[in-house]
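Student: Show me how the following folds:
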Amino acid sequence: MDKVGETILEIDLVALAHNYHYLKSKLDPETKFMAVVKAFAYGSDMVGIAQKMENLGVDYLAVAYVKEGGLLREAGITTPILVLHPLPVNFEQLIAHQLEPSLYSPKILAEFLKVAQRKKLEDYPVHIKFNTGLNRLGFWETDVEHISKQLENRNEIKITAILSHLAASEDPNEKKFSLTQIETFKKISVALNQKLGYSPIRHMLNTSGIINYPDAQFEMVRSGIGLYGYGNSAIEDKNLKPVAQLKTIISQMHKIEPGETVGYNRAFSSDGYRVTATLPLGHADGIGRQYGNGKTFVMVNGEKAPIIGNVCMDMIMVDVTGIDCAEGDEVMVFGEENSAESFASSAQTISYEILTAISQRVKRVIK
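Tutor: I've put the predicted structure just below:
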């Protein structure tokens, strides 16, 4: 293997394009596509990913907070950007960057209308979020009348889209619940359209929704994790390519005798002669303590090397007994050889968590 020289997160834009085209192939040609780039584009590189998505012709980008959208605008991104969880304190900044808010409650709607009126806006595009069962954010089905009354004889904002979020789109055991959510959303859209006199864009499906409920793609879909190479199922993972690969090197190797211990609290005790390797990344880089003590492995020259002892802030130790390797050799933490989903599942968590946990002190390298 090549020697990377330090811990890096390698970001493969060719893999990103592959995943985008694969997900697009599941959709009708006229269905719009929203790429979710929140949380540093799922822990990778928000600006680099957004630029690539814009070049690919994506219709919308989505971020969680106004600050994220502002950073994209400052980087020259011109694609429409939805802010999924805007807060009133940031409304003026949101407008200054021409971002589109997801308005999710009577209070948030009223607050945004106040700012819009003060700034003398006209037909400013907003998305209205409805809660159909996730019970996280969103207006209720019974709020349609309230929303229409708030907008009556006003032209500061215009509802460009309505949205909702499936609670368990990846779980076949929850199909009935998901279909109920979809039907509720359809009813809401009909009722709201009648009040408004026009039909906003509708978007409800996430990555698993695109795969499992294509009949509910409406006018637009949103994809996050799928773009980064994970389809929430082993079958779909084979059709996607991991965008991010976390690589590091062996800093030092030790020969451990029987009964010797490794790391803080002497958490690993050797049952024989072992060879260990110390790697320059730890829980400050996003590799939490839950991955230590033999639960998870990394790949060293194509072979599995379990993480031993407690994960340190800046280092982890792995067992490389019987593996042909040397100080300075490259180590694959997760990527093509060992997917983020596999790495995460060993510690009873999900790919989303490990991907978004990789700290900003890890160098990003775009290829």
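
Student: all helices of the protein, in order?
Tutor: Listed in chain order, the helices of the chain (DSSP state H) span 13-24, 38-43, 46-56, 66-74, 91-96, 106-118, 144-151, 175-196, 207-212, 234-237, 340-345, 351-357.

Student: among the ones you listed, which is nearest residue 268?
Tutor: helix 340-345 (19.2 Å; CB to CB). In this view, the C-beta of every residue, glycine as well, is placed from N, C-alpha and C.

Student: Count the neighbours of residue 198 for me.
Tutor: 8 (other CB atoms under 10 Å).

Student: Return the distance of residue 35 relative to residue 299.
Tutor: 29 Å (CB to CB, to the nearest Å).

Student: quick one: which of the two has more around it?
Tutor: Neighbour tally, residue 35 and residue 299, criterion other CB under 10 Å: the higher count belongs to residue 35, 25 against 21.

Student: For the helices of the chain, give me TSV that also has distance to residue 327, mean neighbour count and mean pLDDT.
Tutor: Shown next, in TSV, are those (distance: least, CB to CB, whole Å; neighbours: other CB atoms under 10 Å; pLDDT from 0 to 100):
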stretch	distance to residue 327	mean neighbour count	mean pLDDT
helix 13-24	30	18	98
helix 38-43	28	23	97
helix 46-56	31	20	98
helix 66-74	38	19	98
helix 91-96	48	17	98
helix 106-118	55	16	98
helix 144-151	63	16	97
helix 175-196	51	16	98
helix 207-212	40	22	97
helix 234-237	33	14	90
helix 340-345	23	21	94
helix 351-357	26	21	96
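
Student: With distance to residue 158 as added columns, please give the ones you listed in TSV.
Tutor: Listed next are the helices of the chain as TSV, based on distance: least, CB to CB, whole Å:
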stretch	distance to residue 158
helix 13-24	28
helix 38-43	24
helix 46-56	24
helix 66-74	19
helix 91-96	14
helix 106-118	10
helix 144-151	9
helix 175-196	9
helix 207-212	26
helix 234-237	36
helix 340-345	40
helix 351-357	33
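
Student: Show the contacting residues for residue 219.
Tutor: 31, 32, 161, 201, 202, 203 (CB atoms under 8 Å, 6 or more residues apart in numbering).

Student: now residue 85
Tutor: 64, 65, 102, 104, 137.

Student: tell me the centre residue of the chain?
Tutor: By CA atoms, centre = their mean, the chain has its centre lying nearest to residue 42, at 3.7 Å.

Student: sorry, back to before: which of the contacts of residue 219 sits closest to residue 241?
Tutor: Checking the contacts of residue 219 one by one against residue 241 (CB to CB), the nearest turns out to be residue 31, at 22.3 Å.

Student: Can you get me a residue count around the closest one?
Tutor: 18.

Student: what sits against the nearest residue to it once chain neighbours are set aside?
Tutor: Take residue 31 and drop its neighbours on the chain: the residue closest to it by CB to CB, 6 or more residues apart in numbering is residue 217, 5.0 Å away. Residues in contact with residue 217 (CB under 8 Å, 6+ apart) are 27, 28, 31, 205, 210.
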